[in-house]
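Q: Got a sequence here, can you model it:
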Amino acid sequence: MNKSVIRFVLGYVIGFLGLFLLLPVLVAFIYHESEWMEYAIVAFPCLIIGVINSNLRPKRFAFYLKEGFFCTGASWVALSAIGALPLYLTGEIPTYIDALFEAVSGFTTTGASVIDNVELLSHASLFWRSFTHLIGGMGVLVFLLTVIPLAGGDGTQFNLMKAESPGPSVGKLVPKLKNTAQMLYIIYLGLCGLEIVFLLIAGMSPFEAINTACATAGTGGFGIYADSCADFNVACQWIIATFMFIFGVNFNFYYYILFHHAKDAFKMEEVRMYALLTVASVGIITINTLSSSAGLFDALTKAAFQVTSVQSSTGFSTTDFALWPQASRCVLVILMFIGACAGSTGGGIKVSRFILMGKAVHKELISYIHPRSVRKTMMDGKPVDHDTIRSNNVFFGTFMIIFFISTFCLSFENLDFSTVFTAVIATMSNIGPGLSKVGPALNFGFFNNFSKIILIIDMLAGRLELFPILMLFHPTIWKELATSHHVPKLKNAGKCWNEQSKMKKF
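A: Reported below is the predicted structural model:
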């Protein structure tokens, strides 16, 4: 393990967190709030660490996939632990575990809250909660790749990006991976800015528009009002619903559209399936809730908003869908598992993984019918190699193991099954609200500290595709960190990732 590189990356993450914390300080000054002091107290030590770290560059940048995964898991833990401090120090969240839960929920873009009435929070804390979604949506390490000169070539950068990017594969849109990260952030921030403009035109105040757009872009769902988005006018609700759908789409789709590869964009099976699932779910729920709604348009508006919110893993709400008929709730729970597209800011298992699983099942059935036939699994007209299929199957199995263990741990609170079941899937899939006692009209504050820690781990594991967080619990990694003193010099350290992983692009 190259400890110097791990230290270097963690130092940069903490330094940029200090910069980010200056924004709520500015918001507190604008609204004449005293909470600026607590944010500043946390920000300045982070900035000092960042400045010192920038002058202590590692001599060698040998950076394998295990370092990438460890850096990612450790960075997100540090980000959450430090990002929770201002919420605790202001006294707005009385216990550190609750503040940590809120911070993790923000950075992982889950949107599950422990706060009874968010309207009592200061403007600085409301902004910080929403802004953590923007930071976590595309990924803090992907952000680092866009702004810092990280030596080691595409191999080092790939091992960071692969560990943080959602979905079963990572590829380059342009020849250099750093330029790919920059392109993704340009699209990400551009869409966020566009949503702010539309929301302002639709009647929101600047503070409402900025917070709502940050939460939508990161598919997070922290609202600045107790009833989430219910009090916004219908035009605002449709704008938010549209952008929730947009941010749940694989960002490769937008790159292809912007750079005249429209044919490649519309060949993406995952995007087509994502759109089909959305339309079908909206149709089913609209019909199912029509009798209890104020007309067809009202039913359609609420169905469209909640479907896009749940499938994109945003978690906003305009109605208490926990009170909907059983069929509608069943559709939403299914969407919680499926989630958004790979390469988006959304959570869940991802549409592409279900497509690959379906293709694998079909291939297995064909092999029973025609034992001598040789068939390749295809995705977007390209063959999918065996390693991708294997890793897809491993992810499904690991996801379900963690899901069942977490459900069992929460069962000791003697809550109803619907609460426990949906609390776990809502946090693992980074959705936010679930059903019953964790429905959109309620929160997660009633869980004991042990359950909250389990759900915190679930949120981090779900956002980071399980393995970077699992690696932090593996004793071999800590043994290597304790015993490694130096890294042998490699002539092609930047290309070492070729020995461990291949860049796959569907």
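Q: What number of neighbouring residues does residue 268 come out with?
A: Per other Cβ atoms under 10 Å, the neighbour tally for residue 268 reads 21. The way it works is simple: take the backbone N, C-alpha and C, and place the C-beta from them, glycine included.
Q: list the contacts for it?
A: 250, 252, 253, 256, 380, 506 (Cβ atoms under 8 Å, 6 or more residues apart in numbering).
Q: what does stretch 230-249 rub up against?
A: 137, 191, 195, 198-199, 202-204, 208, 212-213, 216-219, 225, 229, 271, 274, 278, 301, 304-305, 308-309, 311-314, 316-319, 340-341, 344-346.
Q: Let's see the PyMOL selection covering just the buried ones among those.
A: Typed into PyMOL, the line below selects the buried ones among these, using 16 or more other Cβ atoms under 10 Å:
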select buried, resi 137+191+195+198+199+202+204+208+212+213+216+217+218+219+225+229+271+274+278+301+304+305+308+309+311+312+313+314+316+317+318+319+340+341+344+345+346
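Q: Just the contacts of stretch 230-249: which are in helices?
A: 137, 191, 195, 198-199, 208, 212-213, 216-217, 271, 274, 278, 301, 304-305, 308-309, 311 (DSSP state H).
Q: got CSV for the contacts of residue 268, with neighbour count too?
A: Below are the contacts of residue 268 laid out as CSV (neighbours: other Cβ atoms under 10 Å):
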residue, neighbour count
250, 25
252, 27
253, 23
256, 20
380, 17
506, 25
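Q: Could you dump the residues you listed into TSV with distance to residue 242 and pLDDT added?
A: Formatted as TSV, the contacts of residue 268 follow (distance: Cβ to Cβ, whole Å; pLDDT from 0 to 100):
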residue	distance to residue 242	pLDDT
250	17	88
252	20	85
253	15	89
256	20	85
380	25	74
506	26	32
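Q: Can you tell me which of those is nearest residue 475?
A: Residue 475 lies nearest to residue 506 out of those, by Cβ to Cβ, at 35.3 Å.
Q: How many neighbouring residues does the closest residue to residue 261 other than its chain neighbours have?
A: Using Cβ to Cβ, 6 or more residues apart in numbering and skipping the chain neighbours, the partner closest in space to residue 261 is residue 255 (7.7 Å). Number of residues near residue 255 (other Cβ under 10 Å) recorded here: 20.
Q: give me every residue that touches residue 255.
A: Counting by Cβ under 8 Å, 6+ apart, residue 255 touches 173, 183, 184, 187, 261.
Q: Hmm, residue 258 and the fourth one touching each other?
A: Yes: with contact taken as Cβ atoms under 8 Å, residue 187 and residue 258 are classed as touching, separated by 7.5 Å.
Q: More neighbours: which of those two?
A: Remark: of residue 187 and residue 258, residue 187 carries more neighbours, 19 against 14, as counted by other Cβ under 10 Å.
Q: Doesn't the more buried one belong to a strand?
A: No: per DSSP: H, G, I helix; E, B strand; the rest coil, residue 187 lies outside any strand segment and is helix.
Q: May I have the residues that are in contact with it?
A: 251, 254, 255, 258.
Q: taking those one by one, which sit in helices?
A: Among the contacts of residue 187, DSSP H puts 251, 254, 255, 258 in helices.
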